[in-house]
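Visitor: need the 3D shape of this:
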Amino acid sequence: MGKHQLFLDIEVEAQAIKKKDVVFKVYEEGEKFGELRVSQGSIVWRGRGDKDGRKLGWERFDRLMQEHASRDERRQPGTRTAVARRKLES
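Guide: Residues are numbered from 1 along each chain as shown. Below you'll find the model as predicted:
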């Protein structure tokens with residue numbers, strides 16, 4: 001598996017996510033690997049070639065991460081990382 005690239009496609013400028021999802025597009029070696037949609041009620045992953053996404057509510061996602069994910073770096077609340085602005089065709 002090659003190096004993944006992640007691009008953030010923000011469709012709203014408000015800090016609160018209300019009616020539109022925040023969309024993360026993930027690329028592997030220049031090809032779209034999948035798409036993660038984040039909303040108030042759930043997250044949805046749609047991998048390359050998937051017709052329908054795989055949806056998890058926040059409570060179930062939290063349980064899944066607590067049980068299966070490894071611990072990683074811990075950032076202070078409010079710490080931001082730089083995001084390069086780039087327009088990609090999907």
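Visitor: the strand or helix carrying residue 34 pairs with which strands, parallel or anti?
Guide: Element membership of residue 34, judged by DSSP states H and E, is strand 31-38. Partner strands and pairing direction for strand 31-38 (DSSP bridges) are strand 22-28 (antiparallel), strand 42-47 (antiparallel).
Visitor: how about those strands in JSON lines, adding distance to residue 36, mean pLDDT and mean neighbour count?
Guide: (Glycine included, C-beta is placed from N, CA and C.) As requested, these are exported to JSON lines (distance: least, Cβ to Cβ, whole Å; pLDDT from 0 to 100; neighbours: other Cβ atoms under 10 Å):
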{"stretch": "strand 22-28", "distance to residue 36": "4", "mean pLDDT": "87", "mean neighbour count": "16"}
{"stretch": "strand 42-47", "distance to residue 36": "5", "mean pLDDT": "95", "mean neighbour count": "16"}
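Visitor: ok, and the closest non-adjacent residue to residue 6?
Guide: In space, and not counting its chain neighbours, residue 6 is closest to residue 26: 5.4 Å by Cβ to Cβ, 6 or more residues apart in numbering.
Visitor: so that neighbour sits right up against residue 46, yeah?
Guide: No. Using Cβ atoms under 8 Å, residue 26 makes no contact with residue 46, being 10.3 Å away.
Visitor: for the chain, what spans make up the helices?
Guide: Counting by DSSP state H, the chain has helices at residues 58-68.
Visitor: any weak-confidence spans in it?
Guide: Where the chain drops to pLDDT under 70, the residues are 1-2, 7-17, 73-90.
Visitor: now with 80?
Guide: By pLDDT under 80, the weakly predicted segments of the chain are 1-19, 72-90.
Visitor: and residue 3, which of the strands paired with strand 31-38 is closest to it?
Guide: Across the strands paired with strand 31-38, the minimum distance to residue 3, taken as Cβ to Cβ, is reached by strand 22-28, at 7.5 Å.
Visitor: now the strands paired with strand 31-38 in TSV, with distance to residue 58?
Guide: Formatted as TSV, these follow (distance: least, Cβ to Cβ, whole Å):
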stretch	distance to residue 58
strand 22-28	14
strand 42-47	7
